[in-house]
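S.K.: any chance you could fold what I've pasted below:
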Amino acid sequence: MEKIGASELIINSDGSVFHLHLRPEELADTVILVGDPGRVEMVSSFFDTVELRRASREFVSATGTYKGCRMTVLSTGIGCDNLDIVMTELDALVNIDFSSMRVKKELRSLRILRIGTSGAIQPDIPVGSYVFSHISVGADGLLNWYAGRDEVSYREMEDAFVAHTGWDSNLPAPYFARASRELVELFSDCTVKGVTISAPGFYGPQGRVLRLPLAMPDMMEKFESFRFGDYRITNFEMEGSALAGLAAKLGHRGGTVCCIIANRYHKGAEPDYKQLVEKLVVMALDKLSGRG
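M.R.: Numbers count the residues shown, from 1 in each chain. Predicted coordinates:
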């Protein structure tokens, strides 16, 4: 098995992986991802014990236990480019031997849940509801950089979406990545079935117009009206497609659940959403620990 070069996977002098500053033994099999570094403190405040904390740039982490289940909570910052770093380094922590710099013969599968906030685009999804992304639509193009992207992309739905929206050829080709079936089933009784656009920006890529016009002026109407079987586009966020796509490629179980804090169809929002997110966090912790 070919040795991985030091420039390809950088290991810090303390034996931790380059960006996350975690060592292999410090990572739990269940990982919760949040965007906001400040939210790591909130999530870990519900833990029964905390064994360690780390901080490097936007990547803040804590590992501990919740009702007997060992978990790591980690912030990613905003965007699918950050998820490329996070997912690759999480996989390296469990599936690459840092001493030999070779891929291990026996691979380990992590359970990775992103808990975020989101804006709904359908009129019947109210602020305060929770959407689990059964399918994440990558408008960022990240997965297209990796070989075999069609192996984890729902190509028929992807082609129908491109045709329905008249997708601008100057934009990255979208990919449709499925969440882990295990996580979909775990949250099926308490969330809305979601098909989520992971946008590469907060303003134009999510159809917001301030001073710059959009390349696809009717994108919001096209997204809202798209149907494929019993699927419809439900909401926007900014990281889930990279998580779902890379998790599937690497053999991990990944998915995203979001608290709806705005409804784009009704043009309403709830800026004071902290309690809604905390309720979602506790529910997710209970589900992941087997107590929900």
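S.K.: now Gly240: phi and psi?
M.R.: phi -60, psi -30 (degrees, to the nearest 10).
S.K.: so what's it up against?
M.R.: Contacts were defined as Cβ atoms under 8 Å, 6 or more residues apart in numbering; by that measure Gly240 touches 114, 116, 133, 136, 196, 198, 255-256, 258. In short, each C-beta sits where N, CA and C put it, glycine included.
S.K.: where do the helices sit along the stretch 151-292 of the chain?
M.R.: Using DSSP state H, counting those that start in this stretch, the helices found in the stretch 151-292 of the chain span residues 155-165, 181-186, 219-225, 240-250, 274-289.
S.K.: mind checking how far the shortest one is from the chain centre?
M.R.: From the chain centre to the centre of helix 181-186 is a distance of 15 Å (Cα atoms, centre = their mean, to the nearest Å).
S.K.: pull out the buried positions in that helix.
M.R.: 183-184, 186 (16 or more other Cβ atoms under 10 Å).
S.K.: looking at those, which is nearest Lys249?
M.R.: Ranked by distance to Lys249 (Cβ to Cβ), those are led by Leu183 at 16.3 Å.
S.K.: pull the residues that contact stretch 278-291.
M.R.: Against stretch 278-291 from outside (Cβ under 8 Å, 6+ apart): 30, 32, 42-43, 46, 66-69, 71, 111, 113, 115, 130, 186-187, 190, 257, 259, 292.
S.K.: out of the residues you listed, which are buried?
M.R.: The neighbour-count test (16+ other Cβ under 10 Å) applied to these identifies 30, 32, 43, 46, 66, 69, 71, 111, 113, 115, 130, 186-187, 257, 259 as buried.
S.K.: just want the angle from the strand or helix carrying Thr72 to helix 274-289.
M.R.: Using DSSP states H and E, the element containing Thr72 is strand 69-75. Angle of strand 69-75 versus helix 274-289, following axes from the mean of the first three to the mean of the last three Cα atoms, to 10 degrees, is 140 degrees.
S.K.: whichever helix or strand comes after strand 69-75: which residues count as buried?
M.R.: Remark: after strand 69-75, the chain's next helix or strand is helix 80-95, criterion DSSP H and E. Within helix 80-95, the residues that count as buried by 16+ other Cβ under 10 Å are 80, 82-95.
S.K.: from the residues you listed, pick the one nearest Asn263.
M.R.: Distances from Asn263 to the buried residues of helix 80-95, taken by Cβ to Cβ, are shortest for Cys80, at 23.5 Å.
S.K.: tell me how far the closest one lies from Cys69.
M.R.: 28 Å (Cβ to Cβ, to the nearest Å).
S.K.: could you do Asp14 as well?
M.R.: In terms of Cβ to Cβ, Asp14 sits 27 Å off from Cys69.
S.K.: pLDDT weak spots in the stretch 151-292 of the chain?
M.R.: 292 (pLDDT under 70).
S.K.: how about the contacts made by Ile112?
M.R.: 31, 33, 87, 90, 243, 247, 252-255.
S.K.: can you pick out the most distant pair from those?
M.R.: Leu90 and Gly255 (14.5 Å).
S.K.: still on that earlier bit, adding distance to Phe18, write the buried residues of helix 181-186 out as CSV.
M.R.: Converted to CSV, the buried residues of helix 181-186 look like this (distance: Cβ to Cβ, whole Å):
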residue, distance to Phe18
Leu183, 28
Val184, 32
Leu186, 32
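S.K.: of all those, which comes closest to Glu8?
M.R.: Looking across these and measuring by Cβ to Cβ, the closest to Glu8 is Leu183, at 29.9 Å.
S.K.: skipping adjacent residues, who's closest to the closest one in space?
M.R.: Gly255 (3.7 Å; Cβ to Cβ, 6 or more residues apart in numbering).
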